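[1] Here's my sequence, what's the structure:
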Amino acid sequence: MTELRVNGEPRAFAGATIADLLASLGVAADRPGIAVARNGEVVRRAHWPTTALADGDAVEVVTARGGG
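    Reported below is the predicted structural model:
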């Protein structure tokens with residue numbers, strides 16, 4: 001089990017990659033308007049399936065929303 005900080009909240013995580021994390025959060029990786037940063041560095045969408053997460057990583061998942 002990996003201990004992460006996701007959007008500022010502690011979270012135990014059993015997966016291995018950013019793509020696994022998004023799936024556990026119920027976020028479709030192919031959905032437009034999603035951005036992910038790991039430890040302050042933006043991770044390109046193409047790298048989500050191969051970017052491993054480790055204990056102590058801080059992950060920010062941002063979803064763009066339209067409106068006015």
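[2] going forward, measure contacts and count neighbours with C-alpha atoms only.
    Will do.
[3] Could you list the low-pLDDT ranges of the protein?
    Under the criterion pLDDT under 70, the flagged ranges of the chain are 67-68.
[4] can we see that at 80?
    Segments of the chain classed as low confidence (criterion: pLDDT under 80) are 65-68.
[5] What ranges does it have for its strands?
    Taking DSSP state E, the strands of the chain run over residues 2-6, 9-13, 34-38, 41-43, 58-63.
[6] Can I get those in TSV including distance to residue 28 and mean neighbour count?
    Written out in TSV, the entries for the strands of the chain read as follows (distance: least, C-alpha to C-alpha, whole Å; neighbours: other C-alpha atoms under 10 Å):
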stretch	distance to residue 28	mean neighbour count
strand 2-6	16	17
strand 9-13	17	13
strand 34-38	9	17
strand 41-43	16	13
strand 58-63	11	17
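[7] Adding distance to residue 25 as columns, could you present the ones you listed in CSV?
    Converted to CSV, the strands of the chain look like this (distance: least, C-alpha to C-alpha, whole Å):
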stretch, distance to residue 25
strand 2-6, 10
strand 9-13, 10
strand 34-38, 13
strand 41-43, 17
strand 58-63, 10
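[8] Report the beta-bridge partner residues of residue 60.
    residue 37 (DSSP bridges).
[9] Next, the contact list for it, please.
    Contact analysis of residue 60 by C-alpha atoms under 8 Å, 6 or more residues apart in numbering lists 6, 7, 8, 36, 37, 38.
[10] which one of those is nearest residue 65?
    residue 36 (15.0 Å; C-alpha to C-alpha).
[11] can you tell me how far the closest one sits from residue 44?
    When C-alpha to C-alpha, to the nearest Å is the yardstick, residue 36 and residue 44 sit 8 Å from each other.
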